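*Asks:* Next input, structure requested:
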Amino acid sequence: MRIETSAPTRIDLAGGTLDIWPLYLFHPGAQTVNAAISIRARATIESRSDNRILIRSQDTGATVEADDWRELWDQRELRLLSLLVHFFEARGLTLTTTSESPAGAGIAGSSALNVAVCAALAQWSRTHYEPEALLQVAMNVEAQAINVPTGLQDYRPALYGGIAALELEADGVRRVALDVDPSQLERRLVLCYTGEPRNSGTNNWEIFKGHIDGDRHVFDCFERIRDTAAAMRQALTAGNWDEVGRALAEEWEHRKRLAPGVSTPGIDALIERAMAAGATAAKVCGAGGGGCLVAFGPPEKREAIRVALQDGGARILNFSIERHGLTRA
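*Replies:* Alright, predicted model coming up:
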């Protein structure tokens, strides 16, 4: 038997970090806005002639072997993949993964990989999960792997694709697909990898603790981020691209205030280059501290922005807005 799955990564446009339970419960009207992109993570499962387990990451070159799934609970190498195989009690397989996203890019590469692997293992074990139940497994196992709470937004672009808002309310979370022309958004965005990997678990955990401990500054930043996410959603659905740029810029200003290290001198220099080339806004994807940078500007300035970022040492990542989420073969 051979099973192949893939899932897209995403660009977060506004509202990130608010999606960590229970932070959004303290900010009525909280939501995130993001767009799935064609940079994908992939998983392949192949059956073996014995009951052994082989897990292989083509990106890192790391492998894990086990005689039984029970051995994987304490495995530190390829921890997320090991815990997923452990959860599904899988055996007699070779699991191979690869991702088109750079490591620590902040575009939810680990969540996309998580969803792809979860779907493959569920199919392998002949276990049916409704979409939201599969995402719950992915989220909980990732929390076990990184030892801190995870956000809710990143699994939805991987599963569903498209441009969407995730409404975060006391009675649950709701994904709302947004009526936006993907090509119009796509032609205004430039995505690059800064060369500085980041650790979202660490960044988000410090912010999370500050919020729970009653840090008023952090609370107020989240209030502003919530309001900016609402403005971003309204601007996108209205096709008001000037307002989209303004909301993106505001989101970054509020995000930088959350904690030291969200931006770095290298990130600041790249943003300055993008703005000088005609961008109207730019922000780091994910929690900040490194990873990918997304710049927004008029379509006629897109190539100039790309060149400016590349000349500044960044690696341009070509992408399209991904209309399709998880795929199985």
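*Asks:* C-alpha only now, for contacts and for neighbours.
*Replies:* Fine.
*Asks:* confidence score at residue 207?
*Replies:* Per-residue pLDDT puts residue 207 at 88.
*Asks:* what about residue 37, which helix or strand?
*Replies:* strand 31-47 (DSSP states H and E).
*Asks:* helix or strand right after that strand?
*Replies:* strand 53-57.
*Asks:* who does that next one pair up with?
*Replies:* strand 63-66 (antiparallel), strand 93-99 (parallel) (DSSP bridges).
*Asks:* Retrieve the pLDDT associated with the residue nearest the centre of the chain.
*Replies:* Centrality entry for the chain: nearest residue to the mean C-alpha point is residue 108, 2.1 Å, by CA atoms, centre = their mean. Residue 108 is assigned 94 on the pLDDT scale.
*Asks:* excluding its backbone neighbours, what's nearest it?
*Replies:* Excluding its sequence neighbours, the residue lying closest to residue 108 (CA to CA, 6 or more residues apart in numbering) is residue 9, at 5.5 Å.
*Asks:* Doesn't that neighbour lie inside a strand?
*Replies:* Yes: assessed with DSSP: H, G, I helix; E, B strand; the rest coil, residue 9 lies in a strand.
*Asks:* isn't it right up against residue 34?
*Replies:* No: counting by CA atoms under 8 Å, residue 9 sits too far from residue 34 to count as a contact (10.2 Å).
*Asks:* List the residues that are in contact with both of those two.
*Replies:* Common neighbours of residue 9 and residue 34 (criterion: CA atoms under 8 Å, 6 or more residues apart in numbering): residue 157.
*Asks:* Looking at these two, which is more packed in?
*Replies:* residue 9 (33 against 26; other CA atoms under 10 Å).
*Asks:* ok, back up a step: quick one: contacts for the residue nearest to residue 108?
*Replies:* 36-41, 101, 107-109, 111-112, 154, 157-158.
*Asks:* Go again with 7 Å.
*Replies:* 36, 37, 38, 39, 40, 107, 108, 109, 112, 157, 158 (CA atoms under 7 Å, 6 or more residues apart in numbering).
*Asks:* Name the helix or strand for residue 126, please.
*Replies:* Here residue 126 is assigned to no helix or strand, by DSSP H and E.
*Asks:* what residues are up against it?
*Replies:* Contacts of residue 126 (CA under 7 Å, 6+ apart): none.
*Asks:* What is the neighbour count of residue 147?
*Replies:* Counted with other CA under 10 Å, residue 147 comes out at 12.
*Asks:* gap between it and residue 139?
*Replies:* Distance of residue 147 to residue 139, given as CA to CA, to the nearest Å: 12 Å.
*Asks:* same question, residue 38
*Replies:* Distance from residue 38 to residue 139, by CA to CA: 22 Å.
*Asks:* before we move on, what about residue 19?
*Replies:* 12 Å.
*Asks:* Okay then, goodbye and thanks.
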